[in-house]
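# What follows is a predicted protein model with its sequence.
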Amino acid sequence: MSGSSASHPYTGPSHAHIEALREEARGLRSAAERSSDPDERERLKQRARQLDSDSEQESMMAAGDIYPTE
């Protein structure tokens, strides 16, 4: 069992989803930096922050550190 996938529990679909959220957040931050419209820049930054928060929460849920709120 020397393979990294055997020792790393977060290689399934939820890990892929978390990485997709993080990648989307990076793209939004990059778009915000290029935007000349201050309102659009702020909207993109806010969406990126929300995606970062979502990915962090999903990561903690996947690790069993927290449980979803109802």
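Ah, there it is.

# in the one helix or strand D39 maps to, what's buried?
If you go by DSSP states H and E, D39 is part of helix 38-63. For helix 38-63, the buried set under the neighbour-count rule, 16 or more other Cβ atoms under 10 Å, comprises 44-45, 47-48, 51-52, 54-55, 57-59, 62. C-beta here means a position set from N, CA and C on the backbone, and glycine is covered the same way.

# In CSV: the residues you listed, plus distance to H17 and pLDDT.
Shown next, in CSV, are the buried residues of helix 38-63 (distance: Cβ to Cβ, whole Å; pLDDT from 0 to 100):
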residue, distance to H17, pLDDT
L44, 21, 97
K45, 22, 97
R47, 17, 97
A48, 17, 97
L51, 11, 96
D52, 14, 95
D54, 10, 92
S55, 8, 92
Q57, 12, 88
E58, 7, 86
S59, 10, 87
A62, 9, 78
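
# re the thing from before, from the contact counts, what lies against the helix holding D39?
Applying 3 or more Cβ pairs under 8 Å, 6 or more residues apart in numbering; DSSP states H and E, we find helix 38-63 packed against helix 13-34.

# returning to what we had before: ok, of the buried residues of helix 38-63, which one's closest to R22?
Of all the buried residues of helix 38-63, R22 sits closest to S55, with 5.0 Å by Cβ to Cβ.

# so who does that closest one touch?
Neighbouring residues of S55 by Cβ atoms under 8 Å, 6 or more residues apart in numbering: 18, 21-22, 25.

# And for D54?
Applying Cβ under 8 Å, 6+ apart to D54 gives the contacts L21.

# pLDDT below threshold where in this structure?
Applying pLDDT under 70 to the chain picks out residues 1-13, 65-70.

# how does it look with 50?
1-8, 10 (pLDDT under 50).

# which ones are touching the closest residue to A31 other than its chain neighbours?
Leaving out its chain neighbours, the residue that sits closest to A31 by Cβ to Cβ, 6 or more residues apart in numbering is L44, at 5.3 Å. Going by Cβ under 8 Å, 6+ apart, L44 touches 28-29, 31-32, 35.

# out of those, who's nearest S14?
Nearest to S14, judged by Cβ to Cβ, of these is L28 at 21.2 Å.
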